[in-house]
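[1] Sequence and predicted structure, then a few things I'm wondering about:
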Amino acid sequence: MSTYFISTFAKDHIPIYAKNFLTSYNEHSKFPLILYAEDFSKDELPGEYTHMEFNKEIPAHKNFKDLISIADKDTPDIKAKRRLAKALRWSYKAFTILHALRTIDAKYIVWIDGDVTVKRNLPLNFIESLIEEKLCMAYLEKLQMKDSTTHHIESGLVVFNKTHKLISHIIHGYSIAYEKGNILNYSKPWDGILLAEILLPLQSYCNLLLSPFSNVKSFLHHAVGKNKFINQDINRYSGRKDLLS
């Protein structure tokens, strides 16, 4: 069975990082890539990949946007609005992963952030070497909050094994959180916190590493923190201006 890489981003992120990602991916990877385009055509980002229209393929996301729109209008609190903005921003990743796990006929589904750079050729056994026959390979972090510590998955690269007997637990977790809207009850409604919550009870079936990208650093580069984008003024909620500024 095959391996598919997946990602999603908005049109105005193409010149900032996505074009560079796709160029490096096409040069160094033979694995098929599916991009869930939030608001751009294949002509606007030429390259070797399968173009999927996010809104057409995932109509359930509109319901989630509507929930956030209602909550945004109901609160004057700036912090609450920013919290909703982050929930919306990362929901595109979560809905993409959920759709891929349900619909793509493959053994391995690999989420890769659009700001990753592929530095050298990926070997054909690259994914198998990361996950073997386990349920998931991901990077587990601890985040220090104001009054507590919480677990978080740094999800620049996450590998899912669709043939594993427990894959339904991951699908169910994403579905309840996003299709039912339960993620909005989280104090930090981040997809990485949700995924950590899903995977920790299943950690004996997973390969959860404590140092992000440590096992792939010779192949992939992922900028984080203040180095994430060259242009720090980019609208981080691009493609969602109808809801949040």
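    That came through, no problem.

[2] Can you give the distance of the lengthiest helix in the chain from its chain's centre?
    Looking across the chain with DSSP state H, the single longest helix is helix 78-103. Relative to its chain's centre, helix 78-103 lies at 9 Å (Cα atoms, centre = their mean, to the nearest Å).

[3] What sits closest to L157 if chain neighbours are left out?
    I112 (5.5 Å; Cβ to Cβ, 6 or more residues apart in numbering). Glycine gets a C-beta too; all of them are placed from N, C-alpha and C.

[4] wait, H51
    Closest to H51 by Cβ to Cβ, 6+ apart is K42, at 4.2 Å.

[5] Can you report how many residues neighbour the one you found?
    Around K42 there are 13 other residues, counting by other Cβ atoms under 10 Å.

[6] can you give me the helices for this structure?
    Listed in chain order, the helices found in the chain under DSSP H are 19-28, 54-57, 60-74, 78-103, 126-131, 167-174, 191-199.

[7] right, so those helices: which one is the most enclosed?
    Most buried of these, by mean neighbour count (mean count of other Cβ atoms under 10 Å): helix 191-199, with a mean of 22.

[8] chain center to that helix: distance?
    With Cα atoms, centre = their mean, you get 12 Å for helix 191-199.

[9] Just the mean pLDDT for it, thanks.
    For helix 191-199, mean pLDDT is 97.

[10] Now it - C-alpha only, CSV.
    What follows is the C-alpha trace of helix 191-199 in CSV, where atoms were taken according to Å, rounded to 0.1, in the frame of the first residue of the first chain:
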residue,chain,number,x,y,z
ASP,A,191,-5.0,21.1,17.2
GLY,A,192,-1.7,20.1,18.7
ILE,A,193,-3.2,19.9,22.2
LEU,A,194,-6.1,17.9,20.9
LEU,A,195,-3.8,15.4,19.2
ALA,A,196,-1.7,15.0,22.3
GLU,A,197,-4.9,14.3,24.3
ILE,A,198,-5.8,11.6,21.7
LEU,A,199,-2.4,10.0,21.5
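
[11] List the neighbours of it that are in contact with it.
    Counting by Cβ atoms under 8 Å, 6 or more residues apart in numbering, helix 191-199 makes contact with 90-91, 93-94, 136, 138, 140, 143, 150-155, 158, 169-170, 173-174, 177, 183, 186, 206, 208, all of which sit outside it.

[12] Stretch 136-150 too?
    When contacts are defined by Cβ under 8 Å, 6+ apart, stretch 136-150 is touched by residues 130-131, 151-161, 170, 188, 193, 195-196, 199-200, 202, 205-213.

[13] Filter those down to the buried ones, ChimeraX style.
    What follows is the ChimeraX syntax selecting those of those that are buried according to 16 or more other Cβ atoms under 10 Å:
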select :130,131,151,152,153,154,155,156,157,158,159,160,161,170,193,195,196,199,202,205,206,207,208,209,212,213
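
[14] wouldn't the residue nearest to L157 be in contact with I6 here?
    Yes - the pair formed by I112 and I6 meets the contact definition of Cβ atoms under 8 Å, at 7.4 Å.

[15] Look at these two and report which has more neighbours.
    I6 (26 against 22).
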